[in-house]
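[1] fold the following, please.
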Amino acid sequence: MTLAVRNHRFAAIAMLCLMSLTRSAQAWTAPAFGVSTTARGVALHQSTEVAPAETVEDISLDMLDADHEVEGALLSQSVAAWLDAEWMPQEIHVKMGESAKRSYVHCREEGDDEIMSIMMKVAEDLTENWFEVYNADAFVNAWDVANYVSDYLTQKSGSESCACATPIH
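    Below you'll find the model as predicted:
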């Protein structure tokens with residue numbers, strides 16, 4: 001499979017889309033990707049061969065508070081604190097945190113404890129109301145918040161995270 005991406009900024013999103021196509025019942029696999037620059041942008045090439053050593057285990061959220069409302073409230077406060085520290089205190093940051101909380105609680109109550117799907121739900125829910133609620137005052141977008149939620153949940157689970165991850169508040 002080859003995907004041509006004209007805008008270099010979207011290469012990472014395209015990579016995630018390709019990775020989502022490789023989802024297995026047990027774990028995410030990390031297929032080999034080739035990246036080449038073309039006259040039209042970036043081309044991502046997926047190999048169909050996956051070595052066993054390339055399997056990535058799911059991160060368990062079992063160690064988080066079983067009361068999803070409590071954990072969601074902590075998440076909401078963390079999102080607002082991060083945005084306030086990054087930019088300036090604004091009421092919209094609290095609203096974005098509350099949306100992330102609702103998404104998190106919904107996923108957990110449905111039995112979903114995978115960080116990737118929670119991240120996607122956060123982004124989808126924020127995007128649904130973006131232009132009506134958040135766009136006028138926000139300095140970030142829905143995916144910035146969703147990525148922060150992913151970093152937050154990774155850290156809260158005690159799992160190793162990327163050194164480039166946003167500091168958690």
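[2] rest of the way, CA atoms for contacts and neighbours
    Fine.
[3] mind listing the strands for the protein?
    Counting by DSSP state E, residue ranges of the strands within the chain are 2-5, 28-29, 33-38, 41-46, 55-56.
[4] in this protein, where is pLDDT below threshold?
    Applying pLDDT under 70 to the chain picks out residues 1-56, 163-165.
[5] quick one: the helices in it?
    11-20, 68-86, 91-109, 115-128, 142-156 (DSSP state H).
[6] OK, contacts around residue 124?
    By C-alpha atoms under 8 Å, 6 or more residues apart in numbering, residue 124 lies in contact with residue 142.
[7] roughly how far does it sit from residue 131?
    Distance from residue 124 to residue 131, counting by C-alpha to C-alpha, to the nearest Å: 13 Å.
[8] for residue 103, give me its contacts.
    Residues near residue 103 by C-alpha under 8 Å, 6+ apart: 118, 121-122, 125.
[9] Serialize the helices of the chain to TSV and add fields for distance to residue 136.
    Formatted as TSV, the helices of the chain follow (distance: least, C-alpha to C-alpha, whole Å):
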stretch	distance to residue 136
helix 11-20	24
helix 68-86	15
helix 91-109	9
helix 115-128	13
helix 142-156	13
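[10] residue 112: which of the contacts of residue 103 is nearest?
    Distance to residue 112 across the contacts of residue 103 (C-alpha to C-alpha) is lowest for residue 118, with 7.6 Å.
[11] so that closest one makes contact with residue 102?
    No - taking contacts as C-alpha atoms under 8 Å, residue 118 lies outside contact range of residue 102: 10.6 Å.
[12] more crowded one of the two?
    Taking neighbours as other C-alpha atoms under 10 Å, residue 118 and residue 102 compare with residue 118 leading, 23 against 20.
[13] which residues does that one contact?
    Neighbouring residues of residue 118 by C-alpha under 8 Å, 6+ apart: 103-104, 107, 112, 150.
[14] separation between it and residue 152?
    Taken as C-alpha to C-alpha, the span from residue 118 to residue 152 is 12 Å.
[15] follow-up on the earlier one: highest neighbour count among the contacts of residue 103?
    Highest neighbour count within the contacts of residue 103, by other C-alpha under 10 Å: residue 122, with 27 neighbours.
[16] state the distance from that one to residue 154.
    As defined by C-alpha to C-alpha, residue 122 lies at a distance of 15 Å from residue 154.
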